[in-house]
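Chemist: Got a predicted structure plus its sequence, pasted below:
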Amino acid sequence: MSQTPTTVREDAATTATAAAKPRPARTGRPRARAGRAPWEEPPTVIGQGAKGLTLAGVIAAVAVPLWIIGLTSISTPGAVNRAGGLVIWPDGVTFDAYQQMLSDGTVRTALMVSFAITIVGTLVSMIVSVTAAYGLSRSESFAHRPILTLLIVTMFVSGGLIPTFLVVTGLGGYDQWWALILPSAVSVFNILVLRSFYSTTSADLIDAARLDGAGDWRILWSVVLPTSRAVTAVIALFYAVGYWNSFFNVMLYMPTSAEKWPLQYVLLTYVNRGNGLPGSLNSGFGAANAQTAPLTLQMAVVVLTLVPLLMVYPFMQKHFRTGVLTGAIKG
Amino acid sequence: MSTARSERGKSTTRKNGAVRLNWRVRLRRDRTLLLMTVPAVVLLLIFNYAPLFGLVTAFQYYDPLIGVRDSEWAGLAQFQQLFHDPLFWGALKNTLWLSLVQLVLFFPVPIALALLLNTVLSERLRNFIQSVVYLPHFFSWVLTITIFQQMFGGAGVLNHFLRQNDIAPWDITTNPHTFALLVTSQAIWKEAGWGIIVFLAALAAVNTDLYEAAAVDGAGRWRRMWHITLPGLRGVIVLMLVLRLGNALTVGFEQFLIQRQAVGHEAADVLDTFSFYYGIATGNYSFGAAAGLFKSVISLLLIWGANKLAHAFGEDGLYRR
């Protein structure tokens, strides 16, 4: 093969950032804000109706389950009984489930653990990715080609699950916090996205800073980062979502330490698999004797895993769009 | 710093006339930049490159107490055992079948959705719909599967409704025979909305003058879609197809791991879960590593082959020719 891996197209992966990278400016006219072009035929009633129904169906497919789960989590036991399960129409509202859950016990610990992993993990990932992206972004810098190749190769070849597991446990990672963060801290794809933005930072700007006596750390912090805020925010949020959602490394590296489990693993064990919640939430002690948690509690756990995502989502979207726009202008 | 930056020191002149500094000078000049790449490089060396060498365990009878260096060599015995294992062939069959089902049922959905969304004239409505359909992409698999369980499981909304109306309940979440449909609908629900992004970007790049010209020439909206819109999407569609084919052996690991208990291993074991359950969970590391290595090698061949195919279609594929 004559091609080198460095010519990989960065839009190849279908992840989020695919649209946040610089891409060539759109050809043709900007699309009309509203209204139909004069040459277009008038819409048919059936066509419009079918379109409306399909789109409404698509939205309902996302919104209805979330509505039902959210409503059940704040329903009174009576409402759940009357509905015979999940509650579809409001019928008695109480926040008991949340109060009970957050007052003490497994779920509160898990929530703390999840936040801690997400915050620390995102920090580590961002520091490593931003410095690497800037370090590789100056053309003509020493050895940046081979280092880039070294990074990109890992996108195509990996040792796989078991050798990775053996390396991590061999380093003493079993039951350790770092095993949940470091093995997946670097996303080469994210580094490539950041790098493609950083390398479009005006060389004049950087040279000017250098003449003023700024070193590379200073340039990264005061010149490059401020001019690429949107993409940096998008990447940080994607790392954060990744950490928040991860559960498999818990299964691999700390399957038995229930007090260290993050929320996703608690969701899997006590809601998805219906094991009893240990501790104060039920009468029995230990997973074997405990009863499955009441439905409202289960749904409250689901909502808890959702809420942080929903909270950052609008923020992420705003930046997401800015990222796309910056990409279009710079590209 | 500034003296190092200036073109002092030995330098060679390249053919194109550009001055290239001596490597020592460049190393000194760029030492901070190099230092910045160190954390990423170290992490990748430990967690991505070291496991590559760990693949030798596939050719051993690896014993964690003895270590890689002193474990007994097995030659190809692990692979022999693998290829005589009906469970392995079952997992391979499941993987390929699920991949095929997803290709047929999942792949067209984002394209259709993007085309549909592109015809919505109100920018506000378009943005709203996009925000809603992108959302499930950010949900974890645990969450997604829990939601499906609550909607379609034995005690879920659908079956409650069916029982109330005296219709036989239909529990799709524990039925191995319909498992392919279940996982594909989960994948569509979670990822199809997000998948439209690339197609929308490609649609925005289609020259709108073409539509007007075609309309003047008497082409209706369907003919315009066929002759202008779809050719405009061709490159992206081929790229996505190449990616899908290259990843044919990866059908979504966590999704199967979580649901294996509910539908049983015969339906839910794919290559990735196979090497997890028969490698790590049973402590038979070498056997699992052999299964993983088999998958990696075939996957690399698939990516390479899919790219060849894309080049044959005159498209760029994953990497350019």
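Modeler: Cool, got the structure.

Chemist: Run through the strands of chain B in chain order.
Modeler: For chain B, the strands defined by DSSP state E cover B:11-13, B:19-21, B:60-61, B:72-73.

Chemist: Phi, psi for the nearest residue to residue B:215 once chain neighbours are set aside please.
Modeler: Distance criterion CB to CB, 6 or more residues apart in numbering or on different chains; nearest residue to residue B:215, sequence neighbours excluded, is residue A:39 at 4.2 Å. Backbone N, C-alpha and C define where each C-beta goes, glycine included. With angles defined as degrees, to the nearest 10, residue A:39 sits at phi -80, psi -10.

Chemist: Show the contacting residues for residue A:39.
Modeler: By CB atoms under 8 Å, 6 or more residues apart in numbering or on different chains, the contact set of residue A:39 is B:211-212, B:215-216.

Chemist: So which residue is smack in the middle of chain B?
Modeler: By CA atoms, centre = their mean, the mean C-alpha position of chain B lies nearest to residue B:247, the distance being 6.1 Å.

Chemist: circling back: mean pLDDT lowest for which of the strands of chain B?
Modeler: Among the strands of chain B, strand B:11-13 carries the lowest mean pLDDT, at a mean of 53.

Chemist: Outline the domain layout of chain A.
Modeler: A:45-94, A:100-330 (automatic domain parsing).

Chemist: Show me which positions of stretch B:176-186 end up buried.
Modeler: Buried residues in stretch B:176-186, defined by neighbour count with 16 or more other CB atoms under 10 Å in any protein chain shown: B:178-180, B:182-186.

Chemist: which of those lies closest to chain A?
Modeler: residue B:185 (9.8 Å; CB to the nearest CB).

Chemist: Check what pLDDT that closest one gets.
Modeler: At residue B:185, pLDDT is 94.

Chemist: Tell me how many other residues crowd residue A:69.
Modeler: 23 (other CB atoms under 10 Å in any protein chain shown).

Chemist: swap that for residue B:42, sorry
Modeler: Neighbours of residue B:42 using other CB under 10 Å come to 12.

Chemist: Low-confidence stretches in the chain?
Modeler: Because you didn't say which chain, this covers chain A. The model of chain A has pLDDT under 70 over residues A:1-35, A:104, A:276-293, A:318-331.

Chemist: um, chain B though
Modeler: For chain B (pLDDT under 70), the answer is B:1-20, B:317-321.

Chemist: which residue sits closest to residue A:124, ignoring its sequence neighbours?
Modeler: residue A:185 (5.2 Å).

Chemist: Correct me if wrong: that neighbour contacts residue A:123.
Modeler: No: using CB atoms under 8 Å, residue A:185 is not in contact with residue A:123; the gap is 10.0 Å.

Chemist: Looking at the two, which is more packed in?
Modeler: Taking neighbours as other CB under 10 Å, residue A:185 and residue A:123 compare with residue A:185 leading, 23 against 15.

Chemist: Now name the helix or strand holding the residue most central in space within chain A.
Modeler: The residue lying closest to the centre of chain A (CA atoms, centre = their mean) is residue A:241, at 2.2 Å. Using DSSP states H and E, residue A:241 falls within helix A:229-245.

Chemist: Give the other helices and strands that the helix or strand just after that helix contacts.
Modeler: Note on helix A:229-245: by DSSP H and E, the next helix or strand toward the C-terminus is helix A:248-253. In terms of contacts (3 or more CB pairs under 8 Å, 6 or more residues apart in numbering or on different chains; DSSP states H and E), helix A:248-253 is packed against helix A:161-170, helix A:263-266, helix B:253-263.

Chemist: Need the winner for burial among these.
Modeler: helix A:263-266 (a mean of 26; mean count of other CB atoms under 10 Å in any protein chain shown).

Chemist: for it, packing partners?
Modeler: Using 3+ CB pairs under 8 Å, 6+ apart, helix A:263-266 is in contact with helix A:106-135, helix A:248-253, helix A:295-330, helix B:141-152.

Chemist: ok, now with 6 Å
Modeler: helix A:106-135 (3 or more CB pairs under 6 Å, 6 or more residues apart in numbering or on different chains; DSSP states H and E).

Chemist: Could you export the helix or strand just after the helix it packs on as CSV, CA atoms only?
Modeler: Per DSSP H and E, the first helix or strand lying C-terminal to helix A:106-135 is helix A:144-156. What follows is helix A:144-156, C-alpha atoms only, in CSV (Å, rounded to 0.1, in the frame of the first residue of the first chain):
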residue,chain,number,x,y,z
HIS,A,144,5.8,15.6,14.4
ARG,A,145,5.2,13.3,11.4
PRO,A,146,6.5,10.1,13.1
ILE,A,147,4.7,10.9,16.3
LEU,A,148,1.5,11.5,14.4
THR,A,149,1.9,8.2,12.7
LEU,A,150,2.4,6.6,16.1
LEU,A,151,-0.9,8.0,17.2
ILE,A,152,-2.9,7.2,14.1
VAL,A,153,-1.7,3.6,14.0
THR,A,154,-3.6,2.9,17.2
MET,A,155,-6.9,3.8,15.4
PHE,A,156,-6.5,0.8,13.2
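
Chemist: ok now helix A:144-156, how far from the chain's centre?
Modeler: Distance, stretch centre to chain centre, for helix A:144-156: 24 Å (CA atoms, centre = their mean, to the nearest Å).

Chemist: Determine if any part of it is in contact with chain B.
Modeler: Yes: for helix A:144-156, a contact with chain B is found by CB under 6 Å from any CB of the partner chain, at A:147, A:154.

Chemist: What's the local residue count around the residue nearest to residue A:216 when sequence neighbours are not counted?
Modeler: Counting by CB to CB, 6+ apart, residue A:216 lies nearest to residue B:32, which is 4.0 Å off, once chain neighbours are set aside. Using other CB under 10 Å, residue B:32 has 18 other residues around it.

Chemist: Good, wrapping up.
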